[in-house]
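# Give me a model of this one.
(2 chains)
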Amino acid sequence: MRNSRKTFLAAAAGAATAAAGFGTPILGRAAEPVNIGGLYPVTGQLGQIGQGCVNAAKLAVQMVNDAGGIKSLGGAKLNLVLSDIQSDPTVTRTETDRLIGSNKLSAIHGCYASALTLIASEVAERAKVPLITGSSSDQLNAGGRKFTFTPFARASQFAQAQLQMSKLISDKPKVAVVYENTAFGTSTSSGLKEQAPGEGVDIVMFEPYSAGFTDAGPLVNKVRASGATMLFCVSYLNDLILIVRAMKQTGANLPINGGSGGFVIPDFYKNVGASAEGLLGVAHWNHDIDANAQRVNAVYQKQFGEFLFEYAGGLVAQTFMLANALERAASTDPEKVRNALATIDVSSGYAAMAPGGKVKFMDNGRNVYGHPVGVQWQHGDLVSVFPKSEARKPLLKA
Amino acid sequence: MLATLAQAVVNGLLIGGIYALVSIGVTLIFGVVKIVNFAQGEFLMIGMYLSFFLATRAGMDPLLSLVIVMPVMFLIGMAFQHVLIRRVLGLGDMPQIFLTFALSVLLMNVALLLFTANYRTVQTPYTDAAVHIGAVYISVAKLIAFVLAMVFSGALTLFLQSTDIGKAMRAAAQNRDVAMLMGINTDLVFAVAVGLALALAGAAGALLMPFYPVYPAVGQVFVLMAFVAVVLGTLGNVTGALIAGLMMGVAESLGIQFVGADSGLIVVFAMLLLTLAIRPSGLFGGRAR
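Reported below is the predicted structural model:
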């Protein structure tokens, strides 16, 4: 009799533990950590940017943990489980699978490049683990996705912002668009072309070019002849450097908007040097948008010697959004975390550290308030200049 | 309109000088050693990295770095001939093609491993400088590169025409066996030829460095144009490669200016095919064997 009672008690305790989730402390034992997966390309073509993302992800987890972890889970600490997806789609698929399969993950974030994030998102949807990402492809909000969350501006919003920014230069902007003639360039530039009339922007030149040219001179020659007052480049870094230099040499002082991606990372300035001064771009995050961003940036800059770039900064905010969801879910179960994330509604603190300052998701995982911020290189730093609500410094005119 | 045309021609000539330098290297190796060096672009890449590191670590101007880059590349070339090419001579085309092709892939990937895929640039006082002649502007860095490219090409021609080893080189190019019978040390002659070709690739790299970013695959960008110039200017013909290199630069520039910015290569390759249809052995094929 005594014996069976003991067995019953043990079983009941076990059931209670299971019901309460893994992170619940039992009889004063330290709370079990909450596993968060991080998928970034630390090697391969995107290696350097991926490493920056990992640095920021670690910093963010440390910030959450130093602030007492997840209180509703007994102060459980976040535990970052990293995986190198090697800038490769196939590796991304297998690594996402492996990471989810071999760890009890509550959520995942990744993967910098939209092409890679789309793959990870597919895997996460199937495994019913929430994925939060700064990648901008509109496809991440399509196809009835339930577990994918995108707190920042979408690709389609970038084109609009870029067009609106040209109004900072003149009331009736005449824009030359040059774009590299593969998928990236053609899709981005067609977005610009479609939205230009609606924004009152006159596109006077719309010219594809073959990426990896040896000399930007002829292309720049053409831009000068077009009578444009502003130049949009949808280019890879290599071509952009050549275009910027050739523009300088011709003495054509056209303002250049280089869009997003490789244009808004510290490496760009290192490579282009003083010629980068005054160049414009668009980003989904910038390190000067609010006091919290500036604070994190200061810590990051001290630790890694360069400013907190767009994707990495957004990543810090995302980690706090996850912490917010975990807090409310009071569970490490990925589906419960997903439900808590779907109902997030923040307008202060690190979780709201995004252009617009608020996060609330629509059914398709898109942030209601998400919008891009226009940036400009000024004295070696990337500063926000657009829209008015986000502008931290006035536009530097050439 | 006239200014635009003049500008397009100037742009084309300036970059054509670099094409010429790379293609002269390819054509020299082919003419003398009878092997197509697919790794010539990667040697240009090595030249660029050498120049880059001399500039960033030792504060040496890329143009000054020529005095180090060219001899170093010359020695690498002699070793390349002695250790690798020599082994496959006389084995037929396939081993030769795969030797240089494999070397190209290997060098590119080693560079990727060592230096990552990042673009690196050197900022010199003349990088962004330009001189304006009327409505036409000329980039100072490119002008210097062009002038030096012409000087090196001229020096090579002079060397081939008037020095003993230059003559021996031409003799070995005409008939290796007879040259050996005449007492020419073909091993040495071949090694010098490959050395010179690599020194030119290195020179092209150092000359590019003030205005072009270096990255592991940079050689591929230039080597494609160089090969077209080599064929257009008749395989093995140094002067032909020089003139064809300049022509290609101008054709590409005019194509971009007047056909479309993604049509530069279309014009270049149309020109190549047209030339081959009319003169199968290239523009200067009269005396070629």
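# Could you give the bridge partners of B:Arg120?
Taking DSSP bridges as the rule, B:Arg120 bridges to B:Val214.
# from memory it sits against B:Val214, does it?
Yes: the pair B:Arg120 and B:Val214 qualifies as a contact (Cβ atoms under 8 Å) at a distance of 5.3 Å. Every C-beta, even on glycine, is put in place using the N, C-alpha and C of the backbone.
# Need the overlap of contacts for those two.
Both B:Arg120 and B:Val214 are contacted by B:Phe52, under the criterion Cβ atoms under 8 Å, 6 or more residues apart in numbering or on different chains.
# Would you mind naming what in the stretch 201-350 of chain A lies close to chain B?
Selection of the stretch 201-350 of chain A residues close to chain B by Cβ under 8 Å from any Cβ of the partner chain yields A:207-210, A:212-215, A:217-219, A:221-222, A:225, A:237-238, A:241-242, A:245-246, A:248-251, A:267, A:271-275.
# what about the residue nearest to B:Val122 when sequence neighbours are not counted, which SS state?
Closest residue to B:Val122 in three dimensions, ignoring its sequence neighbours and counting by Cβ to Cβ, 6 or more residues apart in numbering or on different chains: B:Ala55, at 4.5 Å. Using DSSP: H, G, I helix; E, B strand; the rest coil, the structure places B:Ala55 in helix.
# so what's B:Ala55 up against?
B:Asp61, B:Pro62, B:Ser65, B:Val122, B:Thr124, B:Met209.
# Just send these back as a markdown table, with secondary structure, neighbour count and pLDDT too.
Formatted as a markdown table, the contacts of B:Ala55 follow (DSSP: H, G, I helix; E, B strand; the rest coil; neighbours: other Cβ atoms under 10 Å in any protein chain shown; pLDDT from 0 to 100):
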| residue | secondary structure | neighbour count | pLDDT |
| --- | --- | --- | --- |
| B:Asp61 | coil | 17 | 95 |
| B:Pro62 | coil | 26 | 95 |
| B:Ser65 | coil | 24 | 96 |
| B:Val122 | coil | 23 | 89 |
| B:Thr124 | coil | 18 | 88 |
| B:Met209 | coil | 30 | 94 |
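# Could you single out the nearest of those to chain A?
Closest approach to chain A among the contacts of B:Ala55 (Cβ to the nearest Cβ): B:Val122, at 9.4 Å.
# how about that closest one, what does it touch?
Applying Cβ under 8 Å, 6+ apart to B:Val122 gives the contacts B:Ser51, B:Phe52, B:Ala55, B:Thr56, B:Pro62, B:Met209, B:Pro210.
# just A:Leu279 next, same as before
If you count contacts by Cβ under 8 Å, 6+ apart, then A:Leu279 has A:Val244, A:Ile256, A:Asn257, A:Gly258, A:Phe263, A:Val272, A:Gln376, A:Trp377 around it.
# Now do the phi/psi pair for the second one.
If I follow you right, that is A:Ile256. Dihedral angles of A:Ile256 (phi, psi; degrees, to the nearest 10) stand at phi -120, psi 130.
# and if you look at the third one?
Dihedral angles phi and psi of A:Asn257 (degrees, to the nearest 10) take the values phi -110, psi 120.
# partners of it in the sheet?
A:Phe232, A:Leu280.
# hang on, the earlier thing: identify the farthest-apart pair in the contacts of B:Val122.
In terms of Cβ to Cβ, those reach their longest pairwise distance at B:Thr56 and B:Pro210, which sit 12.8 Å apart.
# Was I right to think A:Ser226 contacts A:Val177?
No: between A:Ser226 and A:Val177 there is no contact under Cβ under 8 Å: 10.1 Å.
# the more surrounded of those two?
A:Val177 (27 against 18; other Cβ atoms under 10 Å in any protein chain shown).
# Neighbouring strands of the helix or strand the more buried one falls within in the sheet, and parallel or not?
Element membership of A:Val177 [criterion: DSSP states H and E] is strand A:174-180. Within its sheet, strand A:174-180 is paired with strand A:202-209 (parallel), strand A:230-234 (parallel), according to DSSP bridges.
# mean confidence score for it?
When pLDDT is averaged along strand A:174-180, the result is 92.
# Residues contacting that strand, please?
Under Cβ under 8 Å, 6+ apart, the answer for strand A:174-180 is A:163, A:166, A:185-186, A:188-189, A:192-193, A:196, A:201-211, A:219, A:223, A:226-236, A:239, A:243, A:254, B:261.
# Using PDB, write out every CA atom in whichever helix or strand comes after that strand.
Downstream of strand A:174-180, the next assigned helix or strand under DSSP H and E is helix A:183-195. Only the C-alpha atoms of helix A:183-195 are listed here, as PDB (Å, rounded to 0.1, in the frame of the first residue of the first chain):
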ATOM      1  CA  ALA A 183      17.000  38.400 -60.500                       C
ATOM      2  CA  PHE A 184      18.000  40.800 -57.700                       C
ATOM      3  CA  GLY A 185      18.400  43.900 -60.000                       C
ATOM      4  CA  THR A 186      15.400  43.300 -62.200                       C
ATOM      5  CA  SER A 187      12.900  42.600 -59.400                       C
ATOM      6  CA  THR A 188      14.100  45.600 -57.300                       C
ATOM      7  CA  SER A 189      14.200  48.000 -60.200                       C
ATOM      8  CA  SER A 190      10.800  46.900 -61.500                       C
ATOM      9  CA  GLY A 191       9.300  47.800 -58.100                       C
ATOM     10  CA  LEU A 192      10.900  51.300 -58.500                       C
ATOM     11  CA  LYS A 193       9.500  51.700 -62.000                       C
ATOM     12  CA  GLU A 194       6.000  50.600 -61.000                       C
ATOM     13  CA  GLN A 195       5.700  52.900 -58.000                       C
END
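# Now helix A:183-195: buried residues?
Within helix A:183-195, the residues scored as buried using 16 or more other Cβ atoms under 10 Å in any protein chain shown are A:Phe184, A:Gly185, A:Thr188, A:Ser189, A:Gly191, A:Leu192, A:Lys193, A:Gln195.
# Can you list the low-confidence ranges for the stretch 1-150 of chain B?
Judged against pLDDT under 70, the stretch 1-150 of chain B has no low-scoring part.
# Spatially nearest residue to B:Ile184, not counting backbone neighbours?
Distances taken as Cβ to Cβ, 6+ apart place B:Ala168 nearest to B:Ile184, at 4.8 Å, with adjacent residues excluded.
# The one you found contacts B:Val189, correct?
Yes: the criterion here is Cβ under 8 Å, and B:Ala168 meets it with B:Val189 at 5.1 Å.
# Mutual contacts of the two, please.
Common neighbours of B:Ala168 and B:Val189, using Cβ under 8 Å, 6+ apart, are B:Ala179.
# And those two? Which one has more around it.
B:Val189 (25 against 22).
# so that one is in which element?
B:Val189 belongs to helix B:186-208 when elements are defined using DSSP H and E.
# Mind giving me the packing neighbours of that helix?
Identification of packing neighbours for helix B:186-208 by 3 or more Cβ pairs under 8 Å, 6 or more residues apart in numbering or on different chains; DSSP states H and E yields helix B:2-33, helix B:40-58, helix B:66-80, helix B:140-162, helix B:164-174, helix B:176-181.
# cutoff 10 Å now
If contacts are counted by 3 or more Cβ pairs under 10 Å, 6 or more residues apart in numbering or on different chains; DSSP states H and E, helix B:186-208 sits against helix B:2-33, helix B:40-58, helix B:66-80, helix B:86-88, helix B:140-162, helix B:164-174, helix B:176-181, helix B:218-232.
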